[in-house]
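**Q** following is a predicted model, sequence given first.
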Amino acid sequence: ISTKLDGKYMLAGKIDASATANWNSYEDGGTTKYKGFDPLGEKDPYDYTDSSSFRGIFDGLDYTIEGLTIDRGSEKNIGLFGHVRDGKIQNVGLLDGSITGNAYVGGVAGYNKGGTINNVYNKGGVSSTGDRAGGIVGEQSNNGTVSNAYNTGSVNGEGSFIGGVVGSNGSGCTVNNVYNKGSVSGTGYAGYVGGV
C-alpha cells in the first residue's frame with residue numbers, strides 16, 4: 001500500500017508469502033540489487049512530514065505470514081513495515097522469512113517512531129549490512145513501545161546496535177515482556193550487540 005498509510009487493516013487468514021522470493025528482482029551489471037516484498041510504509045528519507053510512514057492500525061488477528069522475503073541490502077527502514085510513525089501493529093507472527101537491509105532493519109518494523117508494537121513474533125532471519133538490526137524492530141524512538149514479543153530467528157549486523165528483539169532503543173521507549181532465542185551476531189566494526 002503506497003497510500004492509505006493511516007488506515008485500519010486486518011488479516012483475514014494465514015498468508016503464504018513464499019512467492020516473494022522471486023518478486024521485484026532487479027539486477028545491475030549482473031549484480032542483484034534487491035528482490036522480494038516492498039516494505040509497507042517505507043519512509044522517503046526526504047519526507048520530513050513522515051507522510052510516507054505507516055501511521056495506521058494493523059491487526060493480524062493472530063494469523064501468520066510465512067516465507068516473507070525482503071532483500072534491500074542498500075536501503076534503510078526495512079521490515080514488514082519499513083517506518084512506523086505513531087501507528088499500531090499487533091497480533092501477527094512471521095515464520096521462516098528472510099529480511100535484509102542496510103540499516104534500521106527488523107522483522108516486524110525497521111524503524112518504530114512513537115508506535116505501539118504488541119503481541120508479535122518473528123521466526124525468520126534478519127540481517128543488516130550496516131547498523132541497527134533487531135529480530136522485531138531495528139530502532140525505536142519517540143516513546144515507541146514493543147511488548148509481548150519474541151524472536152527465534154537469527155539476527156546479524158555488520159555494524160553497531162544489533163539485538164535479538166530491538167537493535168537500538170531510544171530515550172523514553174519501552175521494551176516489555178519479551179524474549180529472544182535466536183542467535184545474535186555483529187561483524188565488522190560491531191558494537192552494542194545483545195540478546196534482547
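**A** The structure has been received and is ready for your questions. Since this is a predicted model, take the numbers as computed values, not measurements.

**Q** could you list the low-confidence segments of the protein?
**A** 1-3, 26-33, 45-46, 48 (pLDDT under 70).

**Q** repeat the analysis, applying 90 as the threshold.
**A** 1-4, 22, 24-35, 42-51, 73-74, 187-191 (pLDDT under 90).

**Q** quick one, helices of the protein?
**A** Ranges of helices within the chain: none, based on DSSP state H.

**Q** wait, what's in contact with S128?
**A** Taking C-beta atoms under 8 Å, 6 or more residues apart in numbering, we find S128 in contact with T100, G101, N102, A103, V105, G138, N156, G157, E158, G159, I162, G167. (C-beta placed from N, C-alpha, C; glycine too.)

**Q** show me which of the residues you listed is closest to G195.
**A** I162 (10.2 Å; C-beta to C-beta).

**Q** bridged to the residue lying closest to G41 once chain neighbours are set aside, which residues?
**A** Leaving out its chain neighbours, the residue that sits closest to G41 by C-beta to C-beta, 6 or more residues apart in numbering is F54, at 2.9 Å. Beta-bridge partners for F54, by DSSP bridges, are V84.

**Q** contacts only, for F54.
**A** By C-beta under 8 Å, 6+ apart, the contact list for F54 reads L5, L40, G41, F81, G82, H83, V84, R85, G87, I89, G115.

**Q** so which of these wins on neighbours?
**A** Neighbour counts for the contacts of F54 (other C-beta atoms under 10 Å) peak at V84, which has 34 neighbours.
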